[in-house]
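In: need coordinates for the following:
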Amino acid sequence: MTTVFDFTVRAIACINCGAPQQVPPGGGTVECSHCRSTLVIEPRRHEAALPERPPLPAAAYDLQGFLRSSGMDGKPWSESLPVFRAMWDEARRHPEHEDGVPLFGATLMLATGYGAQGDQPSRRAVLETAVELLPDRGHRCIVRCHLARAANRLGEREAARAWLAQCDPRGLAEVVADEIRVSEASLANGRGDHARVVELVPPAARATGASASLGAQLRIDSLEHLGRDAEARAELAIAIERHGAEVVLGWMAVNELAPRTRAAYAAPPRARMPTPIVVVLLLVLAGGVVAWVVTSIGS
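Out: The predicted model follows:
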């Protein structure tokens, strides 16, 4: 039985309407099942056969910078998704433009939007189409990490391992290696290997890269599973300070991570019980007031 992210099955987005299509790994001529356009598909490109290029600087992987430049930062998906779709359609026609940075950014934004809407086939098609077009190995590696994590989220462990196995961080920017580690942690979390998650992901105060927030969430969840609740609460406070409560707590709730730690953070602080000395002083003061009132009435 095939699954949404099955690595042995190839999925791309139609060049005309964008609908997800299953196509032969070897390519050929197929008809879009949605718009009936004739699509001429090249064979699937394998990483080992692609030419090696000089690595790009870390700025080429800055998704926050891309999001700010798009003008869609903070906008709802109902408003931003059509914009990212138009950006992606344009960028895929010119994948080499600016070393593929526009295609890379639009791909991850569009795929995230589809994921938020629950449209996993479109998410997979956009990501795999970009993998076959992006000229930079680091960009391709990060997109494969997104494919692996999406598959893992659906419980498709074999597919997740297959996508991640295509990633090799050697010779790439540290931000790419960070993505691979967080993806490996995601798979370890999915199979319940919480000690491995803590080993892979650094504490929230030292985490870097676009997936630092996700890494922190996985680490907090694993600390909770390992019974290290105090550490989990401390790391949650740091993650919220760095990435914002809405992002961290929102995604942890969606992914059902660290429920005890989230509940402890959300619970209102209990009022401190007064110490015995304070209680005695209050009683003494109350007694003085009562005595004064009685004396006044008697006079």
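
In: just for the protein, where's the confidence low?
Out: 1-2, 267-299 (pLDDT under 70).

In: can you give me the helices for it?
Out: 63-70, 77-93, 101-116, 120-131, 137-153, 157-164, 174-190, 194-200, 212-225, 229-243, 245-254, 259-266, 276-298 (DSSP state H).

In: tell me which of these lies nearest to residue 25.
Out: Across the helices of the chain, residue 25 has its closest neighbour in helix 120-131 (11.2 Å, CB to CB). Bear in mind the C-beta positions are built from the backbone N, C-alpha and C, glycine included.

In: which elements pack onto that closest one?
Out: strand 10-13, strand 20-23, helix 77-93, helix 101-116, helix 137-153 (3 or more CB pairs under 8 Å, 6 or more residues apart in numbering; DSSP states H and E).

In: now the angle from the third one to helix 120-131?
Out: Note on geometry: by axes from the mean of the first three to the mean of the last three CA atoms, to 10 degrees, helix 77-93 and helix 120-131 are set 30 degrees apart in direction.

In: buried ones in helix 77-93, by neighbour count?
Out: Using 16 or more other CB atoms under 10 Å as the test for burial, helix 77-93 gives 77, 80, 81, 83, 84, 85, 87, 88, 91, 92.

In: give me the contact list for it.
Out: Outside helix 77-93, the residues that touch it by CB atoms under 8 Å, 6 or more residues apart in numbering are 15, 18, 70-72, 97, 102-103, 105-107, 109-110, 113-114, 116-117, 126, 129-130, 133.

In: filter the residues you listed to the buried ones?
Out: For the contacts of helix 77-93, buried by 16+ other CB under 10 Å: 15, 18, 70, 72, 102-103, 105-107, 109-110, 113-114, 126, 129-130, 133.

In: next up, the contacts around the closest residue to residue 237 other than its chain neighbours.
Out: In space, and not counting its chain neighbours, residue 237 is closest to residue 265: 7.4 Å by CB to CB, 6 or more residues apart in numbering. By CB under 8 Å, 6+ apart, the residues touching residue 265 are 233, 236, 237, 240, 249.

In: could you do residue 266 as well?
Out: Contacts of residue 266 (CB under 8 Å, 6+ apart): residue 249.

In: can you offset everything so residue one is 78?
Out: Noted, 78 is the first residue going forward, which turns the last one into residue 343.
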